[in-house]
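Chemist: coords below, sequence missing:
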């Protein structure tokens, strides 16, 4: 994550992190604990760099390894997106992909409620408004 700090949107550093997880963490008997710690650290990093899609993609990669942690991460991300009124594509790409993969109905309702609220308050013809419009379509397409 240090490389991500020094070089924003460093796709190659995050790809290398995936390699390290697959090669050195997953083979360990204590891999679940290691992945959980990585999820917490990566989520924290993503919250501090919410415009960096590479970090969010790495977080998705980690959540695929530990699906039980997906819902709490999703809900916490929704809360922060609501609090800071995040409308950027990186966050909403993450949220809509998690929603499309399947979350609890209450989480989907919260997702849609927040998406609609932020959409209604976004500037007309803005990129943010278009991002939120696209976010509506993904979870529906997966049903």
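Modeler: Structure's in. What do you need? Computed from a predicted structure; not experimentally measured.
Chemist: which stretch of helix or strand covers residue 117?
Modeler: According to DSSP states H and E, residue 117 maps onto helix 105-121.
Chemist: mind listing residues that contact that helix?
Modeler: For helix 105-121, the external contacting residues (Cβ atoms under 8 Å, 6 or more residues apart in numbering) are 71, 74-75, 78, 81-82, 85-87, 92, 95-96, 99, 103, 128-129, 132-133, 135-136, 139. Bear in mind the C-beta positions are built from the backbone N, C-alpha and C, glycine included.
Chemist: put the buried members of these into a ChimeraX selection.
Modeler: Under the burial definition 16 or more other Cβ atoms under 10 Å, those of those that qualify are selected in ChimeraX by:
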select :71,74,75,78,81,86,87,92,95,96,99,103,128,129,132,135,139
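Chemist: give me the subset of the contacts of helix 105-121 that lies in helices.
Modeler: Within the contacts of helix 105-121, residues falling in helices by DSSP state H are 71, 74-75, 78, 81-82, 92, 95-96, 99, 128-129, 132-133, 135-136, 139.
Chemist: can you list the domains in this protein?
Modeler: Split into domains by automatic domain parsing, the chain comes to 1-65, 70-143.
Chemist: in CSV, list those along with mean pLDDT.
Modeler: Formatted as CSV, those follow (pLDDT from 0 to 100):
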stretch, mean pLDDT
domain 1-65, 89
domain 70-143, 89
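Chemist: can you tell me which residue is nearest the centre of this structure?
Modeler: Nearest to the geometric centre of the chain sits residue 94, at 3.6 Å (Cα atoms, centre = their mean).
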